[in-house]
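Asks: I'll drop the sequence and a predicted model, then ask my questions.
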Amino acid sequence: LTEKVGTLRHLLSNESLQLFPDFLQRKEVLRRVGYVDERETVSVKGRVACEVNTCEELIATEIVFEGILADLTPEQTVAVLSSLVYQEKSSEEEMDSELPEKIVNCCQKMKTIAMNLGQIQKECGLDVDPLEYCDKSLKFGLVHVVYEWALGVPFKSICELTDVQEGSIVRCITRL
């Protein structure tokens, strides 16, 4: 009976959970990037991340707290944020040469943030490749399209800028 009680206690403990090591690693990631403190109290950054629900929370929160959107116009801000919500692969993954330099620079900073977050996750023991994490989380295929939309260009003209289907463009803009 004593042995059975010991077995049952173990089964009820955190150590018996299959995903417990993953949980601890993810908690360490949140601690390292400042979303929770040593006492596991959620910080302001953590609260902001909790409110993000349409894209990769860590990247979006770091973008806000690093202030890389501060010098952008509303149209430019919407354009760069489209890379967080656009989900499909397109043949236009490279930055368009017609985009303002501020947008291109901001997108480069976003890539750096994503790579750093991927590296932190890897260092904490999660099975994450930083480059793959960046590529999966940021898709720049509609940055130019969304920028033109935000400037007020007619939708018909916007659709001519890309081979992405109209429904995907509308879904991206709606999610933004």
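Replies: Nice, I can see it.

Asks: Quick check: chain neighbours aside, which residue is closest to the most centrally placed residue in the chain?
Replies: Against the mean C-alpha coordinate of the chain, by CA atoms, centre = their mean, the closest residue is Glu56 at 2.7 Å. Setting aside the residues directly before and after it, Glu56 is nearest to Ser137 in space (CB to CB, 6 or more residues apart in numbering), at 4.3 Å. Just so you know, the C-beta spots here come from the backbone N, C-alpha and C atoms, and that holds for glycine as well.

Asks: ok, the one you found touching Ile59?
Replies: Yes - Ser137 lies in contact with Ile59 (CB atoms under 8 Å); the separation is 5.5 Å.

Asks: neighbour count winner among these two?
Replies: Ile59 (24 against 20; other CB atoms under 10 Å).

Asks: gap between the residue of the chain most remote from its centre and Thr7?
Replies: Distance from the C-alpha centroid of the chain peaks at Leu1, with 50.5 Å (CA atoms, centre = their mean). To Thr7, Leu1 is 11 Å away according to CB to CB, to the nearest Å.

Asks: got the contact list for Arg33?
Replies: Check again: residue 33 is Val, not Arg. Lys45, Leu58, Glu62, Leu117, Ile120 (CB atoms under 8 Å, 6 or more residues apart in numbering).

Asks: Could you do Lys156 as well?
Replies: By CB under 8 Å, 6+ apart, the contact set of Lys156 is empty.

Asks: And Leu176, by the same measure?
Replies: By CB under 8 Å, 6+ apart, the residues touching Leu176 are Val78, Leu81, Ser82, Val85, Val146.

Asks: what's the answer for Ser43, then?
Replies: The contact partners of Ser43, by CB under 8 Å, 6+ apart, come to Gly34, Tyr35, Val36, Asp37.

Asks: just to revisit the earlier point, measure the residue nearest to the centre of the chain to Val78 for me?
Replies: Glu56 is 17 Å from Val78, by CB to CB.

Asks: List only those of the contacts of Leu176 flagged as buried.
Replies: With burial judged by 16 or more other CB atoms under 10 Å, the buried subset of those is Val78, Leu81, Ser82, Val85, Val146.

Asks: Could you work out the most separated pair of these?
Replies: Among those, the pair separated by the greatest distance (CB to CB) is Val78 and Val85, at 10.4 Å.

Asks: about what we covered before: filter the contacts of Ser43 down to just the buried residues.
Replies: For the contacts of Ser43, buried by 16+ other CB under 10 Å: Tyr35, Val36.

Asks: Please report the distance of the residue farthest from the centre of the chain from Leu8.
Replies: Going from Leu1 to Leu8 by CB to CB gives 10 Å.

Asks: what's the answer for Phe140, then?
Replies: 53 Å.
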